[in-house]
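Asks: Kindly generate the corresponding structure for this input.
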Amino acid sequence: MQLAGLAFVLITALAVTTAPASAAGHDVGTRGELSRCSGSPYYQCLYWYGDGSGAYWGYNYGTGGHGDPNLSDNHFFSGTGAGAGYSVRNNAAAMDCDFAISYDCAAYYSPNYAGNYDYAFYGRGGTLYLVWNDEASAFYL
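Replies: Numbers count the residues shown, from 1 in each chain. Take a look at the predicted model:
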């Protein structure tokens, strides 16, 4: 009987830890977009610092659709401030979503647009909350 009880506990624990969790989303659009993203060729921008300063990286249709499923191979643009040249993945603290696109933008915790995410409506931006320095993919929808 004890062996059966232990097996039940182990199977239950395994089922709980492998069950998919619901992803949480958080609106970070607390300010208008910064001028570095507005009027640039980029529809979505990620920034090194939470106030939108330091180096930045941007994304648009011309770079391959509506998103980048893995930010590991992207780097903050050279010459744009502190953090330039570093990988975008797990290093961004703020995001902007350009007003010109009429889409919303999101940064996700995991590659392939999975996990918790922060979002901003077009024309808005702000400090990342759920994925601050923990973003792995970005998408505008």
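Asks: Helix or strand next in line after the helix-or-strand element of the chain with minimal mean pLDDT, which one?
Replies: Ranked by mean pLDDT, DSSP states H and E, the helix or strand of the chain with the weakest confidence is helix 2-18, at a mean of 35. As assigned by DSSP states H and E, the chain's next helix or strand after helix 2-18 is strand 25-27.
Asks: Name every strand pairing with that next one and say which way it goes.
Replies: Looking at strand 25-27 with DSSP bridges, its partner strands are strand 114-120 (parallel).
Asks: Give me the contact list for the partner strand.
Replies: Defining contact as C-beta atoms under 8 Å, 6 or more residues apart in numbering, one finds that strand 114-120 is touched by 23-29, 95-97, 104-109, 126, 128-131, 135-137. The C-beta positions use only the backbone N, C-alpha and C, and glycine is treated the same way.
Asks: buried subset of these?
Replies: 28-29, 95-97, 104-109, 126, 128, 130-131, 135-137 (16 or more other C-beta atoms under 10 Å).
Asks: Quick check: end-to-end length of stretch 48-59?
Replies: This stretch, stretch 48-59, spans 15 Å end to end (C-alpha to C-alpha, to the nearest Å).
Asks: Next one: the residue most central in space within the chain from Cys97, what distance?
Replies: Nearest residue to the geometric centre of the chain (C-alpha atoms, centre = their mean): Ala107, 1.8 Å. Per C-beta to C-beta, to the nearest Å, Ala107 is found 10 Å from Cys97.
Asks: Ser53 is in what secondary structure piece?
Replies: Per DSSP H and E, there is no helix or strand for Ser53.
Asks: Nearest residue to it in space, please, no chain neighbours.
Replies: Spatial nearest neighbour of Ser53, chain neighbours left out: Gly81 (6.5 Å); criterion: C-beta to C-beta, 6 or more residues apart in numbering.
Asks: which residues does the one you found contact?
Replies: Trp48, Ser53, Gly54, Ala55, Tyr56 are the contacts of Gly81 under C-beta under 8 Å, 6+ apart.
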